[in-house]
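how does the following fold in three dimensions:
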Amino acid sequence: MNLWRTKCRSRPCTWSTCVGETVAALDCGSNSTRLLIATHDGALRRQTHITRLSEGVDATMTLRESAMQRTFDTLGEYRVLMNEAAIDEGLLVATSAVRDAQNGEEFLTRAQHVVGVDARILDGHEEATLSYRGATLDLDPDPRPTMILDIGGGSTEMALMRGDTLSSFSMQLGCVRVSERALGGGVVDEMADARARAMINAELDRAFASEPVFSEVAGDIRLIGLAGTVATLVQLQGGIAHYERALVHHQRVTRDDVEKWRDTLARETPQERLGHVGMVRGREDVLTAGLYVLAAVMDRLEVDELLSSENDILDGIAMALLANVR
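Below is the predicted model of the structure:
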């Protein structure tokens, strides 16, 4: 099955980039920096490094120089891989952490200088749209409306396709943001638990008020979970010691699974969490917060299971770029 010949399902790509047969999509997220090198025939290479770009942004509204440098170092490594693949065209996107930071434009300029391709800051709707396109490109048909849930470091995107209409909302929730503002990174006490739940529920109230269709479809949707929180949960649940895409992609996880791991990790220190087979180093201090978000969303949507997807915003970006090949 040739996945990359699937065309964009929503509004057409508006980027004017003229691209070749091989493209690079780069995502500077709040917690990780990622690369996808792809052609029309599929992905050639995927790379992920946890760089924690959003460290301290929620409190200071500024990207720290140390966090930026970690990201630039990783982008430099990616540029080497792009050179090896003879790529001159691509797109780097930045999301929640850079959107929120007062020095976000400075970061973007410096990042673009490192990778040598176009760069832009996505708004919440653009991020949700590209994530939806990528996550659903290889899904089987389903009579129910499909929603993607992308839990990032600083924000969580919800995007629902009902008929031909895509409704989306970007919540100011993410595994790093909830950890820094409410939950902490270690053992969760009653006060931290209450702060986190209140923070998450307030954002869910805002999302459902903004997009009433979310309430209308509750209890009858196909929920697709993206990004590191869901992928790590799948590894924990399956006892997968070393990441293999095929073992993580399109796995079913129940709400009971989510709540079990949320409560288990909440009782542990980050070092103890690393003892679980499947825990990804670099997520041990923030995964619990991601699971708090995931459990709350599933509860609000009245769904008992979700399907994981390792296709995400990078795949959506690559699809959009390759649609411009000429």
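
use CA for all of it now, contacts and neighbours both
Fine.

so residue 277 makes contact with residue 233?
No: between residue 277 and residue 233 no contact is recorded; they are 10.7 Å apart, counting by CA atoms under 8 Å.

dihedrals phi and psi, residue 153?
phi -80, psi -40 (degrees, to the nearest 10).

that one: neighbour count?
32 (other CA atoms under 10 Å).

least trustworthy helix or strand in the protein by mean pLDDT?
helix 57-60 (a mean of 80; mean pLDDT, DSSP states H and E).

before we move on, the earlier item: so which of residue 277 and residue 233 has more stuff around it?
Comparing residue 277 with residue 233 by other CA under 10 Å, the one with more neighbours is residue 233, at 26 against 15.

surely the more buried one is in a helix?
Yes: using DSSP: H, G, I helix; E, B strand; the rest coil, the assignment for residue 233 is a helix.

so who does it touch?
Residues near residue 233 by CA atoms under 8 Å, 6 or more residues apart in numbering: 258, 261, 278.

what is the end-to-end distance of stretch 84-104?
29 Å (CA to CA, to the nearest Å).

pLDDT on that stretch, on average?
For stretch 84-104, mean pLDDT is 88.

can you check stretch 217-235 too?
94.

swap in stretch 161-179?
90.

show me where the protein has helices.
57-60, 65-84, 96-100, 104-115, 124-135, 175-178, 190-210, 213-217, 227-238, 245-248, 255-266, 270-273, 287-301, 313-322 (DSSP state H).

before we move on, the earlier item: can you list contacts of the least confident helix or strand of the chain?
So helix 57-60 is contacted by 63-64, 97, 100-101, 177, 180-181 (CA under 8 Å, 6+ apart).

would you pull up how far that helix lies from the middle of the chain?
20 Å (CA atoms, centre = their mean, to the nearest Å).

stretch 25-37 too?
Worked out by CA atoms, centre = their mean, stretch 25-37 lies 9 Å from the chain centre.

repeat that for stretch 318-326.
Its chain's average C-alpha position is 21 Å from that of stretch 318-326, according to CA atoms, centre = their mean.

count of residues packed around the closest residue to residue 192 other than its chain neighbours?
Spatial nearest neighbour of residue 192, chain neighbours left out: residue 183 (4.9 Å); criterion: CA to CA, 6 or more residues apart in numbering. Residue 183 has 28 neighbouring residues, counting by other CA under 10 Å.

from residue 262, how far out is residue 183?
For residue 183, the distance to residue 262 - CA to CA - is 12 Å.

wait, residue 161 touches residue 146, no?
Yes: the pair residue 161 / residue 146 is scored as a contact, 5.6 Å apart, by CA under 8 Å.

so where's this protein uncertain?
1-20, 88, 325-326 (pLDDT under 70).

domain parsing for it?
Here the domain parsing of the chain from automatic domain parsing is 3-125+313-322, 142-308.

in the least confident helix or strand of the chain, what's buried?
57-58 (16 or more other CA atoms under 10 Å).
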